[in-house]
Every structure is written in C-alpha cells, then in structure tokens.
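Chemist: Sharing a model that was predicted from the sequence below.
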Amino acid sequence: MVLPLEHRRATAPRFPVRVPAVTEPVGTPGDPDVGEVENLSRSGMLLRLAKTLAPGTALRVSLSLCRRAPLVMTGTVVWVRPRSRFPAWALGIRFGEELPGDLVAEIADEEHPPWAARSTNGGRH
C-alpha cells in the first residue's frame, strides 16, 4: 500500500548505500545530472550532486544497480545542504510513492559500501 505524503512517517529507516544515479528535471527543460545516492529509505534518499537544486524541484532519478535493472522513480527535492567533505551538494529527495520495504532492504544488501566494491574505471560488477 502506498501512503500519501502527508501520512508518511518521518522516521523511516535509512540504509547506507553507494549507488550511481542520473537525475532529470520533471516538467521543465534541463540536462541530466550524474550523482550518487548515499542513503535510501522507503520514502526518500540522500543524493549527492555537483550542482544545487531548489527545494520543490521535481526530479526523475534513475539508480544504476549492481545486480538488477535500473530503478527509476520520481521525487521532489525537500532540502539542500553544501557538503564540506567533497565538492558537491547533499539533497534530500522525497519520493512520490513509497518503495516496498523488501526492495529497499534488498538494494541495501547489494549496494552497501563494504559489499559493493566499485572498480576504479566506474564499471559495475
């Protein structure tokens, strides 16, 4: 069952992941951007991008997963913060519809940084 945004729990468990992502604006012209997802929950994600986007921006996000087809979802930027550790912005993305909990857990198991070793040339395993 998909819960409306106003009924979602703000304390949904977040799972650390390291997943390349391509973002595209929804409903407005713009070029795709490449970033990386740092954590994932049923209702949203923490996304790192080289550029900032305004809160309220609607996005289509495609996750490049190791062991399954790309996962494409839509969401809205709810907050933006600069990251001092690296030249990027951290964006909080809320999904339009919640992901199934078992899917999030499976992705976290497959994409958690200690287990999902990435090659230096950007290849996937």
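Modeler: Looks like it came in fine.
Chemist: where's G44 relative to A88, distance?
Modeler: To A88, G44 is 18 Å away according to C-beta to C-beta, to the nearest Å. Yep, even glycine has a C-beta here, placed from its N, CA and C like the rest.
Chemist: So for these two, which residue has more residues nearby?
Modeler: G44 (23 against 16; other C-beta atoms under 10 Å).
Chemist: Would you check that that one makes contact with E97?
Modeler: No. At 11.1 Å, G44 does not count as touching E97 under the criterion of C-beta atoms under 8 Å.
Chemist: name the helices or strands packed onto the helix or strand containing T23?
Modeler: For T23, the enclosing helix or strand under DSSP states H and E is strand 15-25. On a contact count with 3 or more C-beta pairs under 8 Å, 6 or more residues apart in numbering; DSSP states H and E, strand 15-25 meets strand 33-40, strand 44-49, strand 58-63, helix 101-111.
Chemist: Can you list the strands that that strand pairs with?
Modeler: Applying DSSP bridges, strand 15-25 is found paired with strand 33-40 (antiparallel), strand 58-63 (antiparallel).
Chemist: Quickly list what L46 is bridged to.
Modeler: Beta-bridge pairing of L46 under DSSP bridges involves N39, G92.
Chemist: what's it in contact with, if anything?
Modeler: L46 makes contact with 14, 37-39, 90-93, according to C-beta atoms under 8 Å, 6 or more residues apart in numbering.
Chemist: Greatest separation within those: which pair is it?
Modeler: With C-beta to C-beta as the measure, no two of the contacts of L46 lie farther apart than R14 and L91, at 14.3 Å.
Chemist: neighbour-wise, which of the two wins?
Modeler: Between R14 and L91, counted using other C-beta under 10 Å, the more crowded position is L91 (25 against 17).
Chemist: Relative to L63, how far out is the more buried one?
Modeler: Using C-beta to C-beta, we find L91 at a distance of 14 Å from L63.
Chemist: Thank you, goodbye.
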